[in-house]
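> With the sequence up front, the predicted model follows.
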Amino acid sequence: MDIGSLSKKLKDVYRGSDVARRVQDFEGRMERATPEAVDSGGYDHAQSVKDYYDLYGELMVWGWGESLHFAPLAPHETPEDSKIRHQRLMIDKLDLRQGMTVVDVGCGIGGPMRRVVREAGVQVVGININEI
């Protein structure tokens, strides 16, 4: 995605929304996320996660691509190659086989599972807290 496409996507995501206020609200929530607030029920972690990805998700996709995860780099390996290797290791470790159904809780945009579907022949059900 080029910078022009990012600009359009961000305008679409933030249309009709006061982004500065949303960022300020999010930052204020983070400042109030003390152990006492969590213990008393005065802090909603799920809402914080949702707000974070609603605010920053498009920028993350622009910067990292469809797989918003990291994997250790091997010598002479690109970040993209490391993600692919990591996803293939996941297929192997989970012993995924064609026809299986996998549930991905917290799937985000589902990037890693797109490779799993293509290469392992499984179906994926993605569950996520926000709309990204």
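On my side now, so go ahead. Residues are numbered from 1 along each chain as shown.

> just for this structure, where's the confidence low?
Along the chain, segments meeting pLDDT under 70 span 1-2, 13-14, 131-132.

> what residue lies at the spatial centre of it?
For the chain, the residue nearest the mean C-alpha position is G108 (3.7 Å; CA atoms, centre = their mean).

> Wait, a strand at that one?
No - assigned with DSSP: H, G, I helix; E, B strand; the rest coil, G108 falls outside any strand and is coil.

> Please list all residues in contact with it.
Counting by CB atoms under 8 Å, 6 or more residues apart in numbering, G108 makes contact with 53, 57, 68, 128, 132. In this view, the C-beta of every residue, glycine as well, is placed from N, C-alpha and C.

> do that again at 6 Å, thanks
With contact set as CB atoms under 6 Å, 6 or more residues apart in numbering, G108 has these partners: L68.

> and it, how far is that from R97?
Per CB to CB, to the nearest Å, G108 is found 24 Å from R97.

> quick one: the strands in the protein?
Here the chain has its strands, by DSSP state E, at 101-105, 123-127.

> Parallel or antiparallel, which strands does the first one pair with?
Sheet pairing here is set by DSSP bridges, and for strand 101-105 it gives strand 123-127 (parallel).

> So for the partner strand, what gets flagged as buried?
The neighbour-count check on strand 123-127 (16 or more other CB atoms under 10 Å) flags V124 as buried.

> can you list the residues that contact that strand?
Under CB under 6 Å, 6+ apart, the answer for strand 123-127 is 101-105, 107, 110, 113, 117.

> and K50, how far is that from I129?
5 Å.

> K93 now?
Distance, K93 to I129, by CB to CB: 26 Å.

> now swap in E27 and tell me
From E27 to I129 the distance is 19 Å (CB to CB).
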